[in-house]
Every structure is written in C-alpha cells, then in structure tokens.
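**Student:** sequence first, then the predicted structure:
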Amino acid sequence: MLSLCTLLSLIFCLFSLLEAKSSTGNSVLVVLDPAAQSQFSIFFDGLKDSGYELTFRGPKDDAPLLIEDDIASFAHAIVFASDTKNFAKDITPQNLVRLLSLNTNLLIALSPKQTMLSSLAAEFSLILPPPGTPLISYFPERDERANVIPISVPAGSPLLTPNTPPVWFSGVPFVLGNNPLIVPILNAPEESFAADSDSSTDTLADAAEKGGEGLWAGSQLGVVSGFQALSGARVTWVGGVDLFSDEFANKEISKGVKSGNKQFARDVAAWTFQESLVLRLEDADHHIVNSTISKEQYTINDHILYRAAISRFNPKDDVWEPYSDIKDMQLEFTMLDPHIRIALPPVAGQPGVYSTEFRAPDRHGVFKFVINYKRKGWSHLHHSITVAVVPPRHDGYPRFLSAAWPYYAGAISTSVGFFLFSAMWLAGDVRQLKKSKSHKTE
Amino acid sequence: MPAAYPLPTNVSPATVANTASLLRIIALALISGAAIASRLFAVINFESIIHEFDPWFNFRATKVLASEGFYAFYNWFDASAWYPLGRVVGGTVYPGLMATSSVFYNILHALNLPVDIRNICVLLAPGFSALTAWATYMFTKEMKDASAGLLAAAFIGIVPGYISRSVAGSYDNEAIAIFLLMFTFFCWIKALKLGSALFGTVAAVFYFYMVAAWGGYVFITNMIPLHALVLILMGRFTSRLYVAYSSWYAIGTLASMQVPFVGFQPVRTSEHMVALGVFGLLQIVAFAQLIRSYLSSKQFQNLLFYSVVTTGILGTFVFVGLTYKGWIAPWTGRFYSLWDTGYAKKYIPIIASVSEHQPTAWPSFFMDLQLLIFLFPAGVILCFRELRDEHVFVIIYAVMASYFAGVMVRLMLTLTPCVCVASAVAFSSLLDTYIDPAEPDVPRNPQNGGNTTLEDVVAAATANTTKPGARSAPKGIFGLDTRMIIIFNAFGMLAFFVFHCTWVTSNAYSSPSVVLASSNPDGSQHIIDDYREAYYWLRQNTPETAVVMSWWDYGYQIAGMADRPTLVDNNTWNNTHIATVGKAMASPEEIAYPILRKHDVDYVLIIFGGLIGYSGDDINKFLWMVRIAQGVWPDEIQEPNYFTPQGEYRIDERASNAMKNSLMYKMTYHRFAELFGGSGQAVDRVRNQQVPKVGPTLDYLDEAFTSENWIVRIYQVKKEDDLGRDLKSANAFSQGKKRKRSKPVSKRRAIV
C-alpha cells in the first residue's frame, strides 16, 4: 500500500526538480564526521549528479534535526558515522526506527566497534559478532591485509547491475535472523569468518574443536543487506563504511580491472532510496462480469471480475510506468480464511492491468479482496477492499421449480377436488340432503 | 328475602344495564390510563430513551424498516454485526414489533404528525399494555363475568410482573406479545364456546401476529392443543371443539410459516409436534364419531380399541423414525433446560450465562405479583367448581405457566396474565359474596325470638357438621358489619397492592440500564452516563469501519449507539464466534493478538465497575467467557486456572497467573493503581479486594478512552510492528530497554 506521503512527495518532485531520481524525495541527510567527508567524494558526487540534495551533519551536531514536529525533515538519511560512540541527542535508535514509520529510508554503515548502531541492528534481526571481530578471509591470496576482502557480486540479484566486478569490503559480517523482511544483498565469501584479526588462528582452532559452534563464518553471513519495513521505507545495513570510500572505488581488483565498488554503492543507494524495484498499486476495482458498476455488496455465486493496475517507478525519466511483468501475483477473497485464492495475471494488451474472474463462494459474509504481494527486494503490494456477500433477495430465487411438481400437482388437485366437491354438494340430490339432516337430528 | 342493606327499587333494568356498561367503559378507560401512566416512570425519572440491550437492536431495525421500507428490511444483510460473518437480519428476526411501530410511524406521518421514531418505540409498550388490559378483561369475562374482567384488567394493568417488560423504553418483543397472547387465548375460548370458525380464524390471525412478534409463540402452539387434548380425554369432544381447533390450526400454521424466521419449523421441529398430533387426533376422533353413528356400540368398541392401539403405535414409530432421520429436529437446548435446570450450565454455557434464563428466586414471585400470588390458587380452585371448557384452559395454563415461571425468570411474564385472571376470579367471587345484600332466610327460632347470636350460628354450624342428616341450617352472611369487615379488608389489600406496584415499578423496573442513577449525599439524583459517553466517543472518533470487540452483552448497544461493526452481539446464534471472543479475553496478550488481527479488530471495549462499585461488569462476567471458550477449546482454556489454589476468585496479589495474564484482567486494571497514586490503596469496590500496587502492562493494545467513572474502557489494537518484531520487544525497545545479545542458531551439525 502506498501512503499519501509518497504520493505528495512525488507530486512535489514532479513540479520542482525534474532531475530527482527517487520515488520518495531527493533530500538526503548524511551523518558523518566532517573530517571524513572527502573520503567518500565519489559516492556523494554520484548522488549529487543524480539529483539528490545532500545535507551534511556531524554526529554530534545539534542541527538539522532528524524529525521536526513529528515530520521527518529528510526523505533519506545516510549514517556513515559508524565509529562514533556518542551521537547528538536526537540521533537515537528509537528516532531512527521512528524515521522508518515516517517513510524515511536509511543507509547505515556498521563497524567492528560496539556502538549505538550495532545494538540497533539487533532490532532488524541482524546478529552481530562480538565487538572487535571483523570479517577475515585469507582467500584469495593477495597483498592486502586479511580483513580487506574482495567479494564477488551475486549474479541474478534484481537490485544490482549485472556483471558488476567484485567489490572490496572491510568491516563486520552479521548473521541474518529469521525475519522475512530482510533482503540479502551481498553475502560473505565461503572461506571468510569473523575473528579478532590478531588471534584469528586461535579462534579458528577453538571453533574447530567445538565443531564450528559459535563461529561467525561462511557464506550465510551477510555483509550488505536490505530491510523492507512494513511501512514501505527501506533500510540498508552495510558491514563497513569503507565499501563506499574513494580508496576502495579506485582500488584494482586484479591487474587492470577496477573494483565494482562505485557501481555497487550506487546500486545499493538506488535501492535504498526507492529508485529501483519500486512498485505501486495505482487502482483496484471490482464488478460483476458483464457490468461496469462497482458494487458495495454481491450476491452469493455472483461472477465477479477484479482488476488492479500496477505501475513501477522509472528512475531514469522519473515517472511511474505501467508494469506488466509480475507473473506470480495472487488474489485472495477472504473471510477469516481465504475462501478463494487465484492467480491474478496481467491482461494482454493493457499495460499494467491485472485482472481475473471468479465465482463468489456460496457463503454470505463480509469478504475482502486481498492482494498481498511481497517479494524480496521489491516494494510490498498490500491492498484490500471490503465487500459484503449477501444471500439472494427474496425475489432473487427461481420462481418455478421443476423439482416441485409433486407439490404443484398436490395443490392443484386439492383445489380442483374442493371445487368439484362443493359443486356436487350444492347441486346434489335434495333427498340425500334431507336424509343427512334426519341423521343429525337422531 | 331479607337484605343487609336496602337497594333502590324504582330503577328500571334497562337503566341499570346502561349505567353498568357506562361504568365499565369508564373503568376500562381509567385502567388503561393507569396502565400507561405507571409505565412512564422511566421517561419522567430519566428521559425518553431505549432501554437495556435487545431493544437497541429492535430500535435500529425499526429505523431501517421505517426509512427504507419493508422489502429492504426483509432483505437486510447486516454486514456490521457478527463481523465478518454478517447477519441475515430479515431471516433471523421476529419482525412483528418493528412492523407495528413502523405502521404507527407511517400513519402518524401520513396525518402530518412528525413524531420521532424513537418516541414511538419508547411509548409502544405502554400503549400496548392498555390493550393487554382490555384483552384480559375480555378473556376474564368469558371465565366469570364483567366485574371479574375489570378486576383482571386492573391487575394486569399495574402488576410488576408485566411492567418489568413493558415500561416506556423497554422496546422488546414482549411489549406487544402479551397482548397478542391474551387476545389469541380470548379468541380461542370464544371460538370454542361458540364453535365458530370465524373466531377460530381470528385466533389464527392473531396467532400469526404473535408468531411474527415473539419466539414465545410456542407457548400458544402448545397451550391450545393441550387444552384440546385434555378436553378430548375428558370426553368433552364436541363439534365446536373440532371446528375451533381445525380452523385455528390450519390457518394459523399456514400463516405462521410465512414468517421467514419460522419457515418450516411448524412441521419439522419437536416443539410444534403436539399441535400437529392433536390436529390429527381430532380428525380421527371426529371420524370415529361419524362411524359410531352408523355402527352398533359393540362393533364400535372393538373397532375403536384396535384402531386406537394401531394408530398410537404407528404414530409413535413415525415420529421416532422421522426424528431419527432428521426430518423432525430434536428438542433444542433451550427446551431441555426447561426440564433440567442444570442442563444448560453443563452443556450450553451460553444459555446459562444469560441472567434471565436462571431459575426464579422465591422472593421475586412476591415482588412481581404480591397479593395475587396468594389469590391465584384460590382462583384456580374456583375454576374447578364450575369446570366449564374454558375453566379447564385456565387450569392447564396455571399449571404449565407456574412450572415454567419457576424454571426461568423470564417466563414469569407468561405466568402473570394467568395469575391476574385467576386472582380476579377469586377476588370478584369474594366481593360478589360479600357485597350481595341478600341474607339467608332464617326460620324464626321461637326460643330466641329472632335474635341471632354468635352462639346460635356456632350451634347451627356444629349441628350441621355433627348431624349431617339433620335439617341443614341456612348458610350465608348476616348483617352489614360482617360484610364491612371483609370488604374493608379486601379493599385494604387492593390499596396495598397498588402501593406495592407503584413502588416496585418506580424503583426496580424503570431503570434504562444504559443510564445509571445514584444519589448524592444530599439525596438528589446523580446520573451516571458512562455508557453513552463511551459510545459517542466511538461514534465521533473512530472510522466508520472500525471493528469493535466486546463481550456480547454490549453488541446491540454498540451497533445502536456507536454505529460500529461488532464481533458478537445479543443475538447469540454462533457459539464459536462468541467463544473466540471469550478466548481472546481469557488468553494472554500474545495469544489474543493474532485472534484480534485475524478478525480485523480495531478497538476492544470492556466494562469495569470497580471504581464506583457497579457490579454488572466484565470481570464478574469473566468466568462465563472462560467457560464458553473452554467449551470450544478445552485444551487451551481451563476454568480452574482462573481461580486461586484455594478455589477463590481473586483479582488481587493472590490472583492466579492465568487470571493476571489474561487480556481482560490487564485491560480492566491497566493504570487502575495509578489513579490512587500507586499507594497500594487501590481497592476494587465490586470485589472488595486490593489491586496490586504495580498494575499490569499492555504491549499489544493502547488505552484509547476511559469514561468518567471508568465504567467503559476502550483500547485500541496496535498495528504490527514495522520491523516485523513482536510488539512486546518493540515496546521494550521504544522504552529504551536493552535487548539481550542473541547468538546465531547453529545450522551445522557438530562433526563427531
């Protein structure tokens, strides 16, 4: 479901700055030590070029506020101050979570140090290793230290540009909890593990004795992962801020091949700031087949046609375009439980329109048309319309039933019999009448 | 013929008759006035408002009927009741009451009298009580005479047993049903006396009206056949009985089947089988009479014997077979609970949980009927003295209704008319005897010279008893003084009856229960209006589609006053749905929350009387919620868990864990201790127990509204957490509590 806020900000964008790229607004707050700003110039310039307005704020600065008068001041926020222990008064875990409910997107970088952010990560079902244990890998053999690791970008991820070269990473990994809202973006290499870099061999040996118990290791660890909150806002957790740095962006992955950091950082920002994989349900209606008027209530066994229009945000032209490529969407007709669950396929020839027909169940009650489309990486589509399904009207039943012939025959024959009897009685013999009278008097 | 006091002799009989009928009319008019006036306490003390629970639904339905017409009402599907199941109102309601008031409404509006529909609904019951008085007059007139009828009319006009269900604002089915009951009985008696098909048809028409108005029509459906059956067994079969019964049954049954809620029940349920059986029996008996007139008595007796035996056996087999096959529905639970008062408590807690289904307490007989309860047996005995067909009816009525009134409080209502009739017969016999100026002829005793002393009377009496063969002494009442004593006494009793009725009506039966009254220290009245305050809050502050969950008692009021969808209401047709609400109330928050979300509940409404000592609150009803939920989920909800190990029902520190964790307990006592400054002085004034110092905390609900006297508390159900956490940890987080460090679950198996 799309909030009004999204829509308003979209309209705002259309009118003011046509070069804006995000579907939810272009103001970005960057919480970063001013001294470190220059380390990320490639990333920030890339954002500026795409039309974002960056506002920088030191982690201990009092202004500008994240939330003013219950309204989020920025459409997006980047928290790169990952080593900072003490933040300004209004940058608290609670306020950051509140930003999400106000539909502000967050891009947060962690560090091996124990900070406010690492405890906040736990709220997102990300389980961090103990403090001071960054991700370490001795493969492939290279000149860099063990905690600077090249990670190849997964192919087939919808939110990353295909064929991105491997990226340099340095920071903490985290275990992804059991939360369906997590969107894994980049996982650690198989050979990597989290350890105190000085005594890494000891850790390994200890863990090996325990059969791997308690070791943060392997490709199930995430290093960059997204989180799609139910409010629609997106959060991306990055294990180390260096991923975005100029140094890593310019560093060669192998002879003559530049690392994919720049592209990767841009893709991650694009997803986080709701440029890519953003869907919207424009409009949904329902009516009886062969009719056009939407009804408040249907009769049981009515044939109902449900129609939904879905569009996807196109960041290049900053427009919403009809989107017909969803193949696995379903429609539910629900009263407590789904009574009907059927595919909602796109309609050929009508871009962005999905439609299906079904027969209402033979059960009266208050039903809901529910679309609940949640796929990793894509924005959630959740929409419901409530209608009542009622029994037929008193004159809505068939008037003549062939099965009722015995009763019709019975009624008719009784009527005829009564008529004949009356006629015979009235026109009958007078003598008989007298006889019966004399009987009575006996 | 000596007389105790002289009567005017120069009055023509025509004048006497005219004056008597004028007086009767005036008396009836005054009785009607008294009947209406005594029901207006509720309006005068409070306001013109619909009372209690069920009337709110009737009122709402009437508004639909009056504004949208009959067919819209007939096809009305109420999507806001029993959310999300909905209720097919047209097919599950007795529309007689609503139809009656909308007819009045339309007539008045056609006459350009723009009367509010609410006032019509409020005043319908008093209006019909006047008609009831008239119908009782007619009925009693058939039993004895017009003067007994007037007494009966006066009794029924003011007797609390009937007023309890027909005060102004008590807009319930019973308001018109008692009139219909009495008038149907009157028509039946008339039809039986005259052998008139016309009166039989009129009885059937009013029976139809009754069927359309109240579920208690089954009482008529069984009373009339029972009367007919008893008459047959007494050997009083006549063609009058045949005509009256057949015309009533045939037309009445066909007509009653036109009511959608009744449908095919008259031929398919056990409750209606007596009527059908007696109808069949009457045909057989009539046929037998016909045959007897053609056969010799010996042949006939043999034939009768064999045919009665075979039909009896065949009939029983057919009935059992049909019941077994499911063509005839077996008796319903409500019916079983009529015979075994413990049945409902064991098997259908939902029926037992209704206070008006409880057995009647003895004092309430006196409260509702006062002196009539003593006159009633005398009246029944007087009926035995004459024992005409109609007296048999009263006797059967008295026996049946007395039993049922003892079993269920609400059936006191059906007993009341019979008590009034019988008492009026007894009382008017008393008055007849003592007002009659005729004195017995006493043969002059030469020794005493005409001075009848007490000794003589005693002597005469003893002589009469000791020597039955002897010449009987004259019996009767002598002198004016004896008459005066009795009559003075009798009128004194009547006067006290009037005082009692007025007192009971004004104090016990005129509270709307939507508005409560208490008195200030200076004696002035203080109105507690928490219910309406809360319902209007809902109406003004929540979206129209917000679903409100509450215990079913308040469903009709929420729908009527707050106009919001409810999960369950007083039309308790779906036990599982009610049990679901019971389970949600009785479970801990974590278990209740998914139930609430599944049913799209936005607000939960509870009643709490602990602050001002209002005892009819939800904690006192809580055990019924537990019991009803236990009936459906015996593994999850168990009643003993809600008691302390000592078996006490407590809400203080010693309350059981299940009790303390239940949603109902938490909602009830949320922030209650804070009201007393957390000093540990927070006392629940209903239970007289001290509430724990640290009150319960709620994670899944937010307090949205609490009324002035805390009677109504409304909680809003929170939405799911944005981050997919459970709300308990989300709450802990937003309050700044540290989360425990968690370790990843090892997905690898240890290498051995």
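**Tutor:** Nice, I can see it. Numbering: from 1, shown residues only, chains lettered A, B, ... in the order given.

**Student:** okay, now residue A:268: neighbour count?
**Tutor:** Residue A:268: 24 surrounding residues under other Cβ atoms under 10 Å in any protein chain shown. Every C-beta, even on glycine, is put in place using the N, C-alpha and C of the backbone.

**Student:** these two touch, right, residue B:515 and residue B:533?
**Tutor:** No: counting by Cβ atoms under 8 Å, residue B:515 does not reach residue B:533; the two are 10.4 Å apart.

**Student:** give me the more crowded residue out of the two.
**Tutor:** Ranked by neighbour count (other Cβ under 10 Å), residue B:515 and residue B:533 place residue B:515 first, with 18 against 15.

**Student:** OK, contacts around the more buried one?
**Tutor:** Shown in contact with residue B:515 (Cβ atoms under 8 Å, 6 or more residues apart in numbering or on different chains): B:46-47, B:49, B:527-529, B:531-532.

**Student:** from those, list just the buried residues.
**Tutor:** Buried by 16 or more other Cβ atoms under 10 Å in any protein chain shown: B:46, B:49, B:528-529, B:531-532, out of the contacts of residue B:515.

**Student:** ok, which stretches of the stretch 51-200 of chain B are helices?
**Tutor:** Assigned helices in the stretch 51-200 of chain B, in chain order: B:54-68, B:70-74, B:96-110, B:117-143, B:146-158, B:160-163, B:174-194, B:197-213 (criterion: DSSP state H, counting those that start in this stretch).

**Student:** wait, does the first one contact chain A?
**Tutor:** Read that as helix B:54-68. No: shown here: helix B:54-68 not in contact with chain A (Cβ under 8 Å from any Cβ of the partner chain), separated by at least 13.3 Å.

**Student:** same for that helix, what does it pack against?
**Tutor:** Packing partners of helix B:54-68 (3 or more Cβ pairs under 8 Å, 6 or more residues apart in numbering or on different chains; DSSP states H and E): helix B:70-74, helix B:96-110, helix B:117-143, helix B:555-557.

**Student:** check the second one too.
**Tutor:** Under the contact criterion of 3+ Cβ pairs under 8 Å, 6+ apart, helix B:70-74 touches helix B:54-68.

**Student:** the helix it packs on to helix B:96-110, inter-axis angle?
**Tutor:** Here helix B:54-68 runs at an angle of 50 degrees relative to helix B:96-110 (axes from the mean of the first three to the mean of the last three Cα atoms, to 10 degrees).

**Student:** residues making contact with helix B:54-68?
**Tutor:** Helix B:54-68 is contacted from outside by B:50, B:72-73, B:76, B:89, B:93, B:95, B:97-99, B:101-102, B:105-106, B:117-118, B:121, B:169-173, B:556-557, B:559-561, B:569-571, using Cβ under 8 Å, 6+ apart.

**Student:** buried ones only from those residues, please, as a PyMOL command.
**Tutor:** The PyMOL command for the buried members of the contacts of helix B:54-68 (criterion: 16+ other Cβ under 10 Å) is given here:
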select buried, chain B and resi 50+73+76+89+93+95+97+98+99+101+102+105+117+118+121+169+170+171+172+173+556+557+559+560+561+569+570+571
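
**Student:** so what's whichever residue of the stretch 301-450 of chain B sits closest to chain A up against?
**Tutor:** In the stretch 301-450 of chain B, the residue that lies nearest chain A is residue B:327 (16.1 Å; Cβ to the nearest Cβ). Taking Cβ under 8 Å, 6+ apart, we find residue B:327 in contact with residue B:268.

**Student:** check which helix or strand covers it.
**Tutor:** Counting by DSSP states H and E, there is no helix or strand that carries residue B:327.

**Student:** count of residues packed around the closest residue to residue B:694 other than its chain neighbours?
**Tutor:** Spatial nearest neighbour of residue B:694, excluding adjacent residues (Cβ to Cβ, 6 or more residues apart in numbering or on different chains): residue B:673 at 7.0 Å. Close neighbours of residue B:673, defined as other Cβ under 10 Å, add up to 20.

**Student:** circling back: out of the contacts of residue B:515, which are inside helices?
**Tutor:** Among these, the members falling in helices (DSSP state H) are B:531-532.

**Student:** any idea how far chain B is from the residue nearest the centre of chain A?
**Tutor:** With distances taken as Cα atoms, centre = their mean, residue A:380 lies nearest the centre of chain A, 2.3 Å away. Going from residue A:380 to chain B by Cβ to the nearest Cβ, to the nearest Å gives 12 Å.

**Student:** show me the contacts for the residue nearest to that residue when sequence neighbours are not counted.
**Tutor:** In space, and not counting its chain neighbours, residue A:380 is closest to residue A:374: 4.7 Å by Cβ to Cβ, 6+ apart. Going by Cβ under 8 Å, 6+ apart, residue A:374 touches A:180, A:380-382.

**Student:** again, but for residue B:158
**Tutor:** Counting by Cβ under 8 Å, 6+ apart, residue B:158 makes contact with B:34-35, B:38, B:497-498, B:501-502, B:505.

**Student:** show me which of these are buried.
**Tutor:** Applying 16+ other Cβ under 10 Å to these flags B:34-35, B:38, B:497, B:501-502, B:505 as buried.

**Student:** got a list of what the one residue in the stretch 401-550 of chain B that gets nearest to chain A touches?
**Tutor:** At 7.0 Å from chain A, residue B:545 is the closest residue in the stretch 401-550 of chain B, using Cβ to the nearest Cβ. By Cβ under 8 Å, 6+ apart, residue B:545 lies in contact with A:386, B:565.

**Student:** check what pLDDT it gets.
**Tutor:** Residue B:545 is assigned 91 on the pLDDT scale.

**Student:** and what of residue A:213?
**Tutor:** Per-residue confidence (pLDDT) for residue A:213: 66.

**Student:** likewise for residue B:168?
**Tutor:** pLDDT at residue B:168 comes out at 90.

**Student:** check the one 5 residues further on too.
**Tutor:** At residue B:173, the predicted lDDT confidence score is 90.

**Student:** doesn't residue B:213 make contact with it?
**Tutor:** Yes: shown here, residue B:173 and residue B:213 form a contact pair, counting by Cβ under 8 Å, at 5.6 Å.

**Student:** name the residues contacting each of the two.
**Tutor:** Contacts common to residue B:173 and residue B:213, judged by Cβ under 8 Å, 6+ apart, are B:94, B:96-97.

**Student:** output the residues you listed as a markdown table; include the columns pLDDT.
**Tutor:** A markdown table is the format used below for the shared contacts of residue B:173 and residue B:213 (pLDDT from 0 to 100):
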| residue | pLDDT |
| --- | --- |
| B:94 | 92 |
| B:96 | 92 |
| B:97 | 93 |
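
**Student:** which one of the residues you listed is nearest chain A?
**Tutor:** residue B:94 (16.9 Å).

**Student:** dump the buried ones among the contacts of residue B:515 into CSV; add distance to chain A as well.
**Tutor:** CSV is the format used below for the buried ones among the contacts of residue B:515 (distance: Cβ to the nearest Cβ, whole Å):
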residue, distance to chain A
B:46, 36
B:49, 30
B:528, 35
B:529, 32
B:531, 26
B:532, 27
